[in-house]
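S.K.: give me a 3D structure for the following:
(one chain, ligands or ions: 1)
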Amino acid sequence: MLEIDSLTIRAGDRLLVDDLSLTLQAGQLTCLIGPSGCGKSSVVKWLAGVLADELRVKGRAGLDGAPLVPPHARIAYQPQQDTLFPWLTILENASLGLEVRSARKAAAHDRLRSMFPVFGLQGHEDSFPDQLSGGMRQRAAFLRTMVQDAGLLLLDEPFSALDAVTRLRMQDWLVARLDENPRAVLMVTHDLFEATQIADRVLVMAAAPGRITADLPITTPRRDRTEANLAETRSRLKSMLLKDTE
Ligand SMILES: Nc1ncnc2c1ncn2[C@@H]1O[C@H](COP(=O)(O)OP(=O)(O)OP(=O)(O)O)[C@@H](O)[C@H]1O
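M.R.: Residues are numbered from 1 along each chain as shown. Model prediction:
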């Protein structure tokens, strides 16, 4: 459904991303993993239409066979930082994605209220972000992203700020939401355990310049992803990541 063809990103003379091509399938969760600074966020930001203006970009993208000119209504982007506005309630924060898509505010709020229980946020419609735990804030950010009904979600390290237990719970929670309502997801992560636990496919990036060095399908069914069953996949992925940083 999404194709990137020969994406090159430069900052002045510095080559940040070099001739990167990839295809994403509908309904698949693809993790993009690689060392810090290899260009993962830049790829995602470009697709979302929020890449810094000073960066020079060459390359094309297509969505469902048509040229993609970001930002696109079928693509929802969740940036790395927690971008909930502290002065807005959780309901108001979550409805921003809909309001910018020109849905009427009252209709947006009604629709969102009905989604609060599924996102574990019932009763917190009128709370402010600093009254919630890290996991709840993250679910509120997901609610804002997912309510947009986009076919492609771009998630930039959505769990990196969470403690280990909350992170595990949120991984399961995300997979359950995607099972109910399948979308294509491109998710940036640093964490090979996370990638192998939840992804259908893992793309490995290397740095300087940023490029894809491996494409690893994770074929073990999610219900069978125990430590033992994933040990070999994790070990292969670890070797790929280490090889690329030698
Ligand atoms: N606006 C910019 N101007 C110049 N260089 C930039 C700009 N934005 C990013 N870079 C550089 O591009 C490279 C890739 O950055 P990017 O944030 O995409 O990497 P990343 O793999 O997502 O890193 P991390 O995992 O640490 O978030 C880095 O070296 C970064 O310093």
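
S.K.: hey, where'd the strands end up in the protein?
M.R.: All strands of the chain, identified by DSSP state E, fall at 2-11, 14-24, 29-33, 56-63, 66-67, 75-78, 152-156, 184-189, 201-206, 211-217.

S.K.: of all those strands, which one is nearest residue 116?
M.R.: Nearest to residue 116 among the strands of the chain is strand 75-78 (18.0 Å), distances taken as Cβ to Cβ. (C-beta placed from N, C-alpha, C; glycine too.)

S.K.: how is this structure divided into domains?
M.R.: As assigned by automatic domain parsing, the chain contains the domains 1-74+154-166+184-246, 82-149.

S.K.: near the ligand, which residues of the protein are found?
M.R.: 11, 16, 34, 36-42, 52, 54-55, 190 (Cβ under 6 Å from any ligand atom).

S.K.: and which of those is nearest residue 84?
M.R.: Nearest to residue 84 among the residues of the chain next to the ligand, counting by Cβ to Cβ, is residue 41 at 19.1 Å.

S.K.: bridging residues for the spatially closest residue to the closest one that is not a sequence neighbour?
M.R.: Nearest residue to residue 41, sequence neighbours excluded (Cβ to Cβ, 6 or more residues apart in numbering): residue 156, at 5.5 Å. Residues in a beta bridge with residue 156, per DSSP bridges, are residue 188.

S.K.: so how many other residues sit close to residue 156?
M.R.: Using other Cβ atoms under 10 Å, residue 156 has 21 neighbouring residues.

S.K.: these two touch, right, it and residue 44?
M.R.: Yes: with contact defined as Cβ atoms under 8 Å, residue 156 counts as touching residue 44 (5.4 Å).

S.K.: list residues touching both of these two?
M.R.: 77, 188 (Cβ atoms under 8 Å, 6 or more residues apart in numbering).

S.K.: same for the lowest-mean-pLDDT helix or strand in the chain, what does it pack against?
M.R.: Of all helical and strand segments in the chain, the minimum by mean pLDDT, DSSP states H and E falls on helix 90-100, at a mean of 81. Applying 3 or more Cβ pairs under 8 Å, 6 or more residues apart in numbering; DSSP states H and E, one finds that helix 90-100 contacts helix 105-115, helix 134-146.
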